[in-house]
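Trainee: Structural data only, the sequence is not supplied:
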């Protein structure tokens, strides 16, 4: 399946992409499978969304979809059907923390 | 005619400032990596077109950028800085144990012989090295696992390894400085380390003359005389004539001996520069006057350098890595401020002019002298 993914501006610049990313993902659609695919395609993003060793989400990064905060879902929990179908994008968001 | 290229790291991006040997007309390129903190950029002495940059943010962590064309284009390389083995604890600000955690790369020191070899000083304090142009980084764990490590503590900026000096006359000898642990030296390429803090006195630690725990802000050497080291400590300007084995104070007639950077003239090993700052609780120059102080005798006699620098209502700071020299004759001296100014003196400090005045807060300045 191919999902729609939106990165924050700084990570779009780092990955050298503009706008929404169309990302083909194999197997079960989870945060982990999306990030594995994303980092394989854009190695410059390794370590910027999650820790390279532990896989833990960085503290100031959040995941939204379908107007829901998925940041605290388990990495292997299925993502919403609307993301799988491409009806809704998965949003990677930098926490609203000023700066 | 020779050219110079100043590499400026700021709180919100990197800037590359270029000029010919007259150093009076400058081209400004940037911001590169806009919006990211750029703690340090440095060029390889072995291949001056090869640059490395430390890019970081609280949101997205650490990125290392590399350029092969003098900063015109960049590519992200490896950014995995994994401590080698158990990390243990160091002291927190209140003296309690605190686990070691990687935060960012403070300083990149390319090898003079090999453009693919670079040392990286990081927070929490440790030394890393790449030998493949930045694709992979390996810790030299002998430093972090030194028996005194549990006594190290962070300075206000974090527990950072901020200075790396490679001794050009002794293979395998290297000096590093950590805030707040002090100076360490290795003579075997980083396998083993010894604290080099005898003679330092710091009232902010329980034993003011302890072997470690000193908030060393910066050390500098002249390549022709690597056994002589100069230090700007939290308070006190110091000098060692025995490769760090002992230190003596050379603050002399400075108006205050608090400050961050210290550097050495390219052609006069006894001519050194500091920027006195009023105090550790008021990070700005005394009397609102931005003055560089120069000693021509390696301390303790200092003279203020003011021509071209703001002498009223100036309350900026100059951070530890934000001073550099070129190797032209006369030697150029450079520094950047937290107010976003980068100043150059093309005559060894006699007079100064701003290259740029409104950058984000300047964190680091390095200068390359190019053919």
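Mentor: Sure, I can see it. All figures in this text were calculated on a predicted structure; none of them were measured in a lab. Residues are numbered from 1 along each chain as shown, chains lettered A, B, ... in the order given.

Trainee: those helices in chain B, which residues are they?
Mentor: Along chain B, counting by DSSP state H, helices occupy B:141-144.

Trainee: show me the contacts for the residue sitting nearest the centre point of it.
Mentor: Against the mean C-alpha coordinate of chain B, by C-alpha atoms, centre = their mean, the closest residue is residue B:321 at 3.2 Å. With contact taken as C-beta atoms under 8 Å, 6 or more residues apart in numbering or on different chains, residue B:321 is in contact with B:9, B:39-40, B:106-107, B:162, B:218, B:261, B:363-366. The C-beta positions use only the backbone N, C-alpha and C, and glycine is treated the same way.

Trainee: redo that, cut-off 10 Å
Mentor: B:9, B:39-40, B:42, B:106-107, B:162-163, B:217-218, B:260-261, B:336, B:362-366 (C-beta atoms under 10 Å, 6 or more residues apart in numbering or on different chains).

Trainee: Quick one: mark the members of those residues that sit in strands.
Mentor: Members of these lying in strands (criterion: DSSP state E): B:9, B:39-40, B:42, B:106-107, B:162-163, B:217-218, B:336, B:362-366.

Trainee: Farthest-apart pair in the residues you listed, please.
Mentor: B:42 and B:217 (18.5 Å; C-beta to C-beta).

Trainee: So what touches the longest helix anywhere in chain A?
Mentor: Determined from DSSP H, the single longest helix within chain A is helix A:31-41. With contact meaning C-beta under 10 Å, 6+ apart, helix A:31-41 is reached by A:3, A:5, A:7, A:11, A:15, A:17, A:21, A:23-27, A:30, A:45-50, A:52, A:55, A:57, A:63, A:70-71, A:73-79, A:83, A:90, A:92.

Trainee: where does that helix sit relative to the chain's centre, distance-wise?
Mentor: 8 Å (C-alpha atoms, centre = their mean, to the nearest Å).

Trainee: ditto for stretch B:363-371
Mentor: 12 Å.

Trainee: quick one, strands of chain A?
Mentor: A:2-6, A:21-24, A:61-65, A:68-69, A:90-94.

Trainee: what do you get for the stretch 51-200 of chain B?
Mentor: B:51-57, B:61-67, B:75-76, B:89-91, B:97-99, B:104-110, B:118-123, B:126-130, B:138-139, B:160-166, B:174-179, B:182-186, B:194-195 (DSSP state E, counting those that start in this stretch).

Trainee: Chain A is nearest to which of those?
Mentor: strand B:75-76 (3.8 Å; C-beta to the nearest C-beta).

Trainee: follow-up on the earlier one: now the strands of the stretch 51-200 of chain B in JSON lines, with mean neighbour count?
Mentor: Formatted as JSON lines, these follow (neighbours: other C-beta atoms under 10 Å in any protein chain shown):
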{"stretch": "strand B:51-57", "mean neighbour count": "25"}
{"stretch": "strand B:61-67", "mean neighbour count": "23"}
{"stretch": "strand B:75-76", "mean neighbour count": "18"}
{"stretch": "strand B:89-91", "mean neighbour count": "19"}
{"stretch": "strand B:97-99", "mean neighbour count": "12"}
{"stretch": "strand B:104-110", "mean neighbour count": "24"}
{"stretch": "strand B:118-123", "mean neighbour count": "24"}
{"stretch": "strand B:126-130", "mean neighbour count": "23"}
{"stretch": "strand B:138-139", "mean neighbour count": "17"}
{"stretch": "strand B:160-166", "mean neighbour count": "23"}
{"stretch": "strand B:174-179", "mean neighbour count": "28"}
{"stretch": "strand B:182-186", "mean neighbour count": "24"}
{"stretch": "strand B:194-195", "mean neighbour count": "18"}
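
Trainee: who touches the nearest residue to residue B:262 once chain neighbours are set aside in this structure?
Mentor: In space, residue B:262 comes closest to residue B:232 once its chain neighbours are excluded; the distance is 4.1 Å by C-beta to C-beta, 6 or more residues apart in numbering or on different chains. Taking C-beta under 10 Å, 6+ apart, we find residue B:232 in contact with B:177, B:216-220, B:238, B:251, B:257-263, B:272-277, B:320, B:323.

Trainee: ok, back up a step: which members of the ones in strands among the contacts of residue B:321 additionally contact chain A?
Mentor: Taking C-beta under 10 Å from any C-beta of the partner chain as the test, chain A is in contact with none of the ones in strands among the contacts of residue B:321.

Trainee: ok, these vs residue B:57, which is closest?
Mentor: residue B:39 (11.1 Å).

Trainee: For the stretch 1-150 of chain B, which residues are neighbours of chain A?
Mentor: So far as C-beta under 10 Å from any C-beta goes, the stretch 1-150 of chain B lies against chain A at B:11-12, B:33-37, B:55, B:57-63, B:65, B:75-82, B:102.

Trainee: thinking residue B:129 is in contact with residue B:190, fair?
Mentor: Yes - at 7.4 Å, residue B:129 counts as touching residue B:190 under the criterion of C-beta atoms under 10 Å.

Trainee: Which pLDDT value belongs to the residue lying closest to residue B:95 once chain neighbours are set aside?
Mentor: Once flanking residues are discounted, residue B:95 sits nearest to residue B:153: 7.5 Å by C-beta to C-beta, 6+ apart. At residue B:153, the model reports a pLDDT of 95.

Trainee: what's residue B:153 sitting at in phi/psi?
Mentor: With angles defined as degrees, to the nearest 10, residue B:153 sits at phi -150, psi 160.

Trainee: Please name the residues that touch it.
Mentor: B:90-95, B:98, B:159, B:178-181, B:204-205, B:212-213, B:215.

Trainee: could you measure it against chain A, distance?
Mentor: Distance, residue B:153 to chain A, using C-beta to the nearest C-beta, to the nearest Å: 23 Å.

Trainee: For residue B:204, see how far away that residue is.
Mentor: Residue B:153 sits 10 Å away from residue B:204, going by C-beta to C-beta, to the nearest Å.

Trainee: Same check on residue B:297?
Mentor: 29 Å.

Trainee: same check, this time on residue B:311
Mentor: 31 Å.

Trainee: Which of the contacts of residue B:153 are buried, as a PyMOL select command?
Mentor: The following PyMOL line selects those of those that are buried, judged by 16 or more other C-beta atoms under 10 Å in any protein chain shown:
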select buried, chain B and resi 90+91+98+159+178+179+180+181+205+212+213+215
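
Trainee: okay, residue A:99: pLDDT?
Mentor: 50.

Trainee: Could I get the contacting residues of the residue lying closest to residue B:13 once chain neighbours are set aside?
Mentor: Distance criterion C-beta to C-beta, 6+ apart; nearest residue to residue B:13, sequence neighbours excluded, is residue B:31 at 3.1 Å. Listed by C-beta under 10 Å, 6+ apart, the contact set of residue B:31 reads B:8, B:10, B:12-16, B:38, B:359-360.

Trainee: Count the residues that sit near residue 41.
Mentor: Chain wasn't specified; assuming chain A. Residue A:41 has 13 neighbours, counted by other C-beta atoms under 10 Å in any protein chain shown.

Trainee: switch to chain B, that's the one I care about
Mentor: With other C-beta under 10 Å as criterion, residue B:41 counts 27.

Trainee: Do I have it right that it meets residue B:322?
Mentor: No - applying C-beta under 10 Å as the test, residue B:41 and residue B:322 come out as separate, 11.9 Å apart.

Trainee: Alright, that wraps it up for me.
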